[in-house]
Structure formats: C-alpha cells, structure tokens
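Visitor: give me a model of this one.
(one chain, ligands or ions: 1)
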Amino acid sequence: MRTVLITGASSGIGTACAETLAAENYRLILCARREERLKALKLNILSKHPTCEIHVMVLDVRRYEETLSAIETLPEAWKNIDVLINNAGLSQGLEPIQDGDIGDWDRMIDTNVKGLLYVTKSVIPLLKKSELAHIINIGSIAGKEVYPNGNVYCATKHAVDSLNKAMRIDLLPLGIKVTAVNPGMVETEFSEVRFKGDVDKAKSVYAGLTTLNGYDIAEIISFVLSRPAHVNINDLLVMPTAQA
Ligand code: NDP
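Guide: Now for the predicted structure:
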C-alpha cells in the first residue's frame, strides 16, 4: 500500500486527489490549514472506504520550522512516504504590476514557491526510503504563458516549472520521480480566493466555459503514479477543451 502526502487537501484539486487515491488503496496524509475541512474529508472518505488509513496534519506551508517539525514528528507508522503532491497554492489580486498589492505578492510567493520548497525539503528524507518515490508538482498554464494582469501569479508558477525541472535532475540519484501537472482552468475555490470571497466575481470567470474539475486532474495524477518504475511523465499541460 502506497502512502501519499497531499498539501492543499482541504479543497479543490487536493480534495479530489484524496478521494481518488483513497479509492485506489493509498494511505493518505492530508495537509492544509483548515483542520475542520480535513476532518470532514477524512470522515467522508471513511464512509466510502472504511479501511482507508488517513492521517490529518494541519500545516501552513509558508512556515518552514513548523512544516519541518510536523513532518519530522509524524507517527512512526506514517514515516515512510511514497508520494508527495505539492498542490497547496493560490492566486490573489488580478491587477497590473503598478496597482499590485505587496501583501498579495508575498502570499503568492510564500505559498506557491517557498511553501513548495519547504514541504519538499522536509519530505525528501522520508521519500528516500521508498522504491516508488514520486513528487507531483501542481503548476499551471500560468507557468507556461503569461496573461494580462497575471504577473506575480504567473511568475510563481514559472518558478514551479523551473523547480520541477531542477528537482528531476537533483533527485535522479535518489531514485525519486518528479512530474509537473499543469492545469488550465479548474472550477474550485481558487477563483473565490483570488477575488477574496467575492463569489459573483469568482463565478463570472467561468461563465460560458466548461472548465475542468478537480477529478479531471486527480485521475491524471493517478495515471502518472500508475506507470511502471522505468517510465516517468515529466510534464503535463491539461486544458479544458474550450479554453483558448
Ligand atoms: P483551492 O483554493 O480550491 O485549494 C487550494 C488549497 O491550497 C486549499 O486546500 C488550501 O487549504 C491550500 N493552501 C493555501 N494556502 C496554504 C498554506 N499557506 N498552507 C497550506 N495549505 C494552503 O484551489 P485549487 O484546488 O484550484 O488549487 C490547487 C492548486 O492548483 C494550486 O497550486 C493552484 O495554483 C493550482 N491551479 C489551479 C487552477 C484552477 O483554475 N483552479 C489552474 C492551475 C493551477 P487551506 O486554506 O485550508 O490552508
């Protein structure tokens, strides 16, 4: 049975990954800041898969010492991790640089770039023990292109793109596979977070477009993880058919 640690499991793509991988007999370490959400997800998964083993870990990926300590002090039974899904992330603000908010920039850089690095560095010692070790980095179409007012978010996802390539090279001697999964538009709470709770504005982003949902991404991750040891999928761009 493989163990997967998922950051950002309390919502959207992370929740879909947890549910999808639970159905495939993975043991789950569910991480995010909102503990109640994680506990509710655990109960929901257990109602469908009563034998699924689940460990809930409250984590703010922006805090290195806390992240390291949470991972180092995992119960013994959870100290052999096979898969890390670096999924926690956000976009905030959608303004030109000259109008950008410093707090928004800090939150995006701290979460999407530094947080991904902090979790990865903390988890690698536990991944090294697995013969099926794999890191999945959730990037974005925003890491491949730049769109109007996407500036800092796009920069953070371009950084994820670079880090994914760098990790693949650096971790090769450790036998750890590394894959970037880069989605286009996925309907989650992402847009609501971007517009700071303005639900109408958030919904308007999806108007007239059939977007992806979290399960579309989770199924692809499940496929990536199911490849034999000698096959690695380095980089995937997954778009809604209707998105330009
Ligand atoms: P959601 O807003 O639904 O989920 C984001 C998750 O990240 C939540 O579980 C949230 O949990 C977690 N998170 C945010 N900040 C932190 C933090 N500081 N510490 C720990 N966890 C944190 O969005 P998505 O599911 O859509 O986003 C998941 C990933 O997919 C992100 O990296 C995003 O950039 C990427 N992506 C999304 C796209 C989309 O259109 N939705 C498109 C391309 C990429 P909590 O608040 O409980 O901490």
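Visitor: what does the longest helix along the chain rub up against?
Guide: Longest helix in the chain by number of residues (criterion: DSSP state H): helix 151-171. By Cβ atoms under 8 Å, 6 or more residues apart in numbering, the residues outside helix 151-171 that reach it are 86, 89, 91-93, 96-97, 100, 104-105, 108-109, 112-113, 116-117, 120, 124, 135, 137-140, 142-147, 176-180, 182, 232, 234-235. Where you see a C-beta, it was placed from the backbone N, CA and C, and this is true even at glycine.
Visitor: which of those are close to the ligand?
Guide: G89, I138, S140 (Cβ under 6 Å from any ligand atom).
Visitor: the last one: what's it in contact with?
Guide: In this case it means S140. Applying Cβ under 8 Å, 6+ apart, the residues near S140 are Y153, K157, V160, N182, P183.
Visitor: how many residues are close by the first one?
Guide: Think Y153. Number of residues near Y153 (other Cβ atoms under 10 Å) recorded here: 26.
Visitor: name the nearest residue to it, sequence neighbours excluded.
Guide: S91 (4.2 Å; Cβ to Cβ, 6 or more residues apart in numbering).
Visitor: go on, the fourth one?
Guide: By the measure of Cβ to Cβ, 6+ apart, the closest residue to N182 outside its immediate chain neighbours is G139, 4.1 Å from it.
Visitor: which residue ranges of the protein form helices?
Guide: Going by DSSP H, the chain shows helices at 12-22, 35-48, 64-72, 102-108, 116-127, 151-171, 190-194, 199-204, 214-225.
Visitor: just put the ones you listed in CSV and tack on mean pLDDT.
Guide: Shown next, in CSV, are these (pLDDT from 0 to 100):
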stretch, mean pLDDT
helix 12-22, 98
helix 35-48, 98
helix 64-72, 98
helix 102-108, 98
helix 116-127, 98
helix 151-171, 98
helix 190-194, 94
helix 199-204, 92
helix 214-225, 98
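Visitor: between those helices, which one is nearest to V58?
Guide: helix 35-48 (4.8 Å; Cβ to Cβ).
Visitor: for that closest one, buried residues please.
Guide: R37, L38, L41, K42, I45 (16 or more other Cβ atoms under 10 Å).
Visitor: now render those residues as TSV, adding distance to the ligand.
Guide: Supplementary listing: these in TSV, determined by distance: Cβ to the nearest ligand atom, whole Å:
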residue	distance to the ligand
R37	6
L38	8
L41	10
K42	14
I45	15
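Visitor: residues near I13, how many?
Guide: 28.
Visitor: check contacts around it.
Guide: N87, I138, P183, V186, T188, G214, I217, A218.
Visitor: can I assume the fourth one is in contact with G214?
Guide: Yes: using Cβ atoms under 8 Å, V186 is in contact with G214, at 6.3 Å.
Visitor: what do those two both touch?
Guide: With Cβ under 8 Å, 6+ apart as the test, V186 and G214 both reach G12, I13.
Visitor: closest one of the contacts of S140 to G12?
Guide: Taking those together and measuring to G12 by Cβ to Cβ, the closest member is P183, at 10.2 Å.
Visitor: spell out which parts of the chain neighbour the ligand.
Guide: 7-8, 10-14, 32-34, 37, 59-62, 87-90, 111, 115, 138, 140, 183, 185-186, 188-190, 193.
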